[in-house]
Each structure stands twice: as structure tokens, then as C-alpha cells.
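Q: The sequence and its predicted three-dimensional model are supplied below.
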Amino acid sequence: MSSPSADSDARVIESKAQLVEFLETGVRPDRSTWRIGSEHEKFVFHRGDHAPLSYTGENGRPGIRDVLTAFVSRGWLPIEEDGNLIACVKDGASITLEPGGQFELSGAPLETIHQTCDETSSHLRIAKEIGEQLNIGFLGLGFHPTCTREQIPVMPKGRYGIMRAYMPKKGNLGLDMMLRTCTVQVNLDFASEADMVEKFRLGLALQPLATALFANSPLKEGKPNGMKSYRSHVWTDTDPDRCGMLPFVFESGMGFERWVDHVLDVPMYFIRRGGRYIDASGQSFRAFMKGELPAAPGELPTMEDWKDHMTTLFPEVRLKTYLEMRGADGGPWSRLCALPAFWTGLLYDADAQAAALDLIKGWSIEDMAAMRDNAPKLGLETKVDGHGDFMGLAREVLTIADAGLKKRGKLSTSGETEQGFLSSLWESVNTGMTPADQILASYNGEWDGDADRVFDALSY
């Protein structure tokens with residue numbers, strides 16, 4: 001949900017132009033400077049009974065704090081809040097905690113998918129080593145398969161307390177989003193404002209397809225939940241102010257300033273002062289810029305406040321000084337490498353990007369909204385108005401992404417291109433089976449209706 005910030009940016013915001021200029025700092029005209037940043041979350045559980053870890057641990061069993069401490073003992077630098085170890089950083093990457101103890105790796109900005117996949121593999125190898133020592137496991141799914149909301153421990157981070165109080169005022173599933181979901185995402189650069197807009201539009205249009213391909217959350221509280229991606233469904237009833245498909249992105253005039261206006265109009269969660277979080281939930285950043293924030297009368301926002309506020313928006317694609325693709329469920333190792341390959345193939349080659357834009361040019365906002373609404377339940381059976389279903393669309397899109405990766409020509413040390421990272425997605429298209437379908441087949445077959453079998457079968 002957020003990574004530890006670097007040095008705090010204490011510049012006072014004096015005009016909206018500063019906020020636009022901040023986004024403009026993300027423009028990278030030289031493609032050779034473009035990087036790939038991958039992030040993934042996973043559930044942590046005790047091997048004996050598959051229960052989630054509390055923060056401190058209990059009855060002699062380890063807690064999430066012990067897991068972080070184990071990473072610190074391996075050279076990661078600790079980050080504390082109110083005396084609690086809540087994150088650690090190393091070599092441009094960070095490990096952070098989601099509200100329910102989900103464990104997130106936010107990778108460093110890297111040049112190739114080979115490097116991002118090596119980074120992921122190294123992290124999971126160390127996590128597994130720590131798991132052997134602590135008798136815990138790590139599970140990549142989009143939604144917790146067995147626990148109720150009340151059974152999930154809450155992590156001691158100030159921002160999460162404020163969010164937990166505010167979420168039920170805006171939707172019915174916001175607390176589920178916080179406590180019981182995991183995702184994988186990729187962060188990508190852009191060459192110009194116009195390029196950002198094209199990538200933003202492509203990301204929103206094709207995010208439902210990514211949701212279907214990476215669907216991996218068909219279980220809830222031990223039983224099938226009727227969805228392929230229950231995680232994606234959760235976002236439809238979390239907070240309409242800060243989620244959704246963002247139709248204005250497809251309108252003329254979309255650019256950095258239009259995005260700033262949108263972010264300014266999203267109600268706030270909090271501000272940080274003196275290392276502590278102050279509840280500003282539901283209040284206006286525009287009022288903050290006038291010194292009229294009820295939570296802090298007379299205070300003016302800094303650029304750090306703006307960066308914090310931007311992290312509290314949760315659309316399918318999010319703009320910072322880069323673009324975040326946010327529509328996929330957490331999943332197995334191969335899918336953690338496949339997501340950056342999917343979007344890099346589409347968006348980091350000019351011909352591939354043009355071909356993908358041509359593919360979606362006839363889609364209306366209503367078409368895209370319908371795909372977004374249907375993908376969580378129907379997966380690859382989702383219909384594309386006038387274009388068949390997602391099975392056919394996936395073949396077209398993967399063909400474009402494959403060509404884009406081939407043209408990039410980024411080779412591994414053994415001379416392989418990045419195209420191989422799409423193999424698990426091609427398998428889903430060729431078999432019609434996503435990870436969610438495979439889980440349901442096992443649940444109804446060899447697992448004999450025992451959802452707990454997922455922990456042993458699919459942990460890293």
C-alpha cells in the first residue's frame with residue numbers, strides 16, 4: 001500500500017502548479033533510462049494450523065515482528081514507528097506491512113524483467129529460509145482463503161487505524177481490502193505527458209483482462225465465493241471516491257493537471273506531524289492548501305503531505321511520477337514475473353503500444369466499465385462487446401506483448417529474451433485455466449472440499 005519514504009520533502013506547497021511540476025519530474029524522454037519496479041504481497045501463516053501471524057506473536061509462536069527482524073539480521077535496514085519495527089529497506093527495495101500483516105516486497109527500479117524476477121526469486125528464497133527457522137509459510141493468493149475478517153490480526157501502524165475507522169463509512173468491503181487481500185503490481189515510466197496519457201488509457205482499458213488472467217482468489221472463509229478474483233470484486237465496494245476506472249482519463253484535456261485536480265478532490269485520510277498520524281479523514285486537501293484543514297488549523301501542506309495523500313488513492317491504474325498497474329491478484333512465483341512482462345511488453349515498445357491502442361480504439365467507457373464489472377466473476381469468459389470474449393482478446397494482447405518484449409532485446413546472462421516470462425499466461429489462454437480455476441478444480445477434486453489444503457499446495 002505504501003513504501004517507506006526517503007528523506008522527507010518539507011517544501012511548503014504554495015500553488016497547484018507545484019503539484020503539476022512534481023508529476024512532470026517523472027517524464028523520461030530517454031527510453032534507456034526507463035525502469036521496471038515490481039511489487040507483490042503475500043500472506044504469512046503458521047505451518048501448524050495455518051493461522052495468520054500477529055505482530056508480536058503469542059504462546060511462544062513467532063510474530064510478524066520476528067519475520068522483519070530476521071530480514072534485518074540479513075542486512076536490511078530497519079524502519080520503526082512508535083518503537084515498532086514496521087518495515088526495512090535495502091538496495092533500493094523495501095519490505096513493508098499491509099494492515100493485516102500481509103508481507104510486501106517493493107522492488108528496486110530495475111532495467112530488465114530478468115533482474116526483477118531475480119530480485120523476486122532472491123526475496124522468496126530468503127523468506128522460505130526464514131520460514132524454515134520460524135515454522136511459518138508464505139502464500140500468494142488474492143484473498144485470504146480461510147480466515148474471517150475478525151480472525152486477522154491488525155498491524156500497529158498509525159495510518160491503518162485511521163483508515164479502519166473511515167473505511168466502513170464509504171463501502172462495505174473496505175476492511176476486507178485492508179485485511180484480507182494481496183496483489184502484485186508493476187510500476188512503469190513514460191516519455192512525455194502525452195505518452196503518460198496513452199499508457200494510462202491502455203492500462204485502464206486492459207486492466208480487466210489482467211484481472212482475469214491473474215485471477216487467484218476464488219475462496220473465502222473455506223468455501224468458493226462465486227468469483228475468480230474476489231480481491232478485484234472487493235475494490236468495487238471499498239470507496240467510490242478513490243477507486244474505479246476513472247472515465248475522465250479518456251476525455252480530451254487529460255494530463256498532469258487534470259490528475260492533480262482529481263487527487264485534490266479525493267478526501268484525505270491523515271497528515272503526519274512529529275512522527276505521528278493526525279486523523280484528517282474526509283477533509284479536503286484544497287482546504288489544507290488554504291490553511292483551513294480542521295484537523296490542523298493554520299497548517300500548510302508540504303510536498304511530503306502531497307506524496308502521502310497520493311498513496312491513498314486506489315484506482316486500477318495510479319499516477320505518481322510513474323504509472324502503477326494495480327489490477328492483478330497476488331499469486332505463484334511465475335505470475336509475479338509474468339505481470340511485469342505483460343505490461344512491459346505492451347508499454348515499453350512503441351510499435352506494441354501503438355498496436356494495443358489500435359486494439360482498444362473502438363471501446364466505449366460503457367464497454368470498459370462492463371468488462372471491469374464482469375471480470376472478477378467471469379474471468380476469461382468475460383465478454384468483449386463486438387470482439388468475442390477475453391480468451392480471444394488475451395491471445396491478441398499477449399501476441400502484442402510478446403512482440404514488444406522481443407523487440408526490446410533484453411537478454412539474460414544465458415542469452416534468453418524476456419518473452420519466456422509470458423509462458424504462464426499463454427498456458428492459461430491455451431487451457432482456459434487461470435490459477436483460480438486450478439484452485440477450484442483441486443478444491444472440488446483431490447482436496448475434497450478442504451480449503452486448508454491450499455496452504456500446503458500453493459505456499460512459496
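A: Arrived safely.
Q: Would you state the predicted confidence (pLDDT) at Met368?
A: Turning to Met368, the model gives it a pLDDT of 96.
Q: Would you check how far apart it and Met177 are?
A: According to C-beta to C-beta, to the nearest Å, Met368 stands 22 Å off from Met177. All C-beta atoms are positioned from the backbone trio N, CA, C, and that covers glycine.
Q: Surely Phe43 is within a strand?
A: Yes - assigned with DSSP: H, G, I helix; E, B strand; the rest coil, Phe43 falls within a strand.
Q: That one contacts Phe138, correct?
A: Yes - counting by C-beta atoms under 8 Å, Phe138 is a contact partner of Phe43 at 7.1 Å.
Q: which residues are in contact with both of those two?
A: Here Phe43 and Phe138 have Phe103 as joint contacts, going by C-beta atoms under 8 Å, 6 or more residues apart in numbering.
Q: what about the two, which has more around it?
A: The residue with more neighbours, out of Phe43 and Phe138, is Phe43; 29 against 18, by other C-beta atoms under 10 Å.
Q: From Leu378, how far off is that one?
A: Distance from Phe43 to Leu378, by C-beta to C-beta: 25 Å.
Q: What residues does the residue lying closest to Glu24 once chain neighbours are set aside make contact with?
A: Excluding the flanking residues, the one nearest Glu24 by C-beta to C-beta, 6 or more residues apart in numbering is Phe256, at 6.0 Å. When contacts are counted by C-beta under 8 Å, 6+ apart, Phe256 touches 20, 23-24, 193, 196.
Q: which residues in the stretch 151-300 of the chain form helices?
A: 158-166, 174-180, 193-213, 230-235, 256-265, 285-289 (DSSP state H, counting those that start in this stretch).
Q: neighbours around the nearest residue to His262 once chain neighbours are set aside, how many?
A: Spatially, and ignoring its direct neighbours in sequence, His262 is nearest to Phe248 (6.8 Å; C-beta to C-beta, 6+ apart). By other C-beta under 10 Å, the residues close to Phe248 number 13.
Q: Contacts only, for Phe248.
A: Contact analysis of Phe248 by C-beta under 8 Å, 6+ apart lists 254, 258, 262.
Q: For the first one, give me the pLDDT.
A: The reference is to Met254. 98.
Q: ditto for the second one
A: Looking at Arg258, its pLDDT is 98.
Q: any idea how far it is from Leu246?
A: Taking C-beta to C-beta, one finds Arg258 at 10 Å from Leu246.
Q: Comparing those two, which residue is more hemmed in?
A: The residue with more neighbours, out of Arg258 and Leu246, is Leu246; 21 against 15, by other C-beta under 10 Å.
Q: what's the spacing between that one and Asp239?
A: For Leu246 relative to Asp239 (C-beta to C-beta), the value is 14 Å.
Q: do Thr183 as well
A: 16 Å.
Q: Give me the more crowded residue out of the two.
A: Set Thr183 next to Asp239 and count neighbours by other C-beta under 10 Å: Thr183 wins out with 25 against 22.
Q: got any ranges where the stretch 251-400 of the chain has weak pLDDT?
A: For the stretch 251-400 of the chain, applying pLDDT under 70 flags the ranges 386-387.
Q: can you rerun that using 90?
A: 275, 385-388 (pLDDT under 90).
Q: Do a quick rundown of the strands in it.
A: Under the criterion DSSP state E, counting those that start in this stretch, strands of the stretch 251-400 of the chain are mapped to 270-273, 276-279, 317-319, 323-329.
Q: ditto for the stretch 51-200 of the chain
A: Counting by DSSP E, counting those that start in this stretch, the strands of the stretch 51-200 of the chain are 77-81, 84-90, 93-97, 103-106, 136-139, 183-188.
Q: Residues in contact with the fourth one: which ones?
A: Strand 103-106 is contacted from outside by 1, 3, 37, 39-44, 64, 67, 93-98, 120, 123, 127, 138, using C-beta under 8 Å, 6+ apart.
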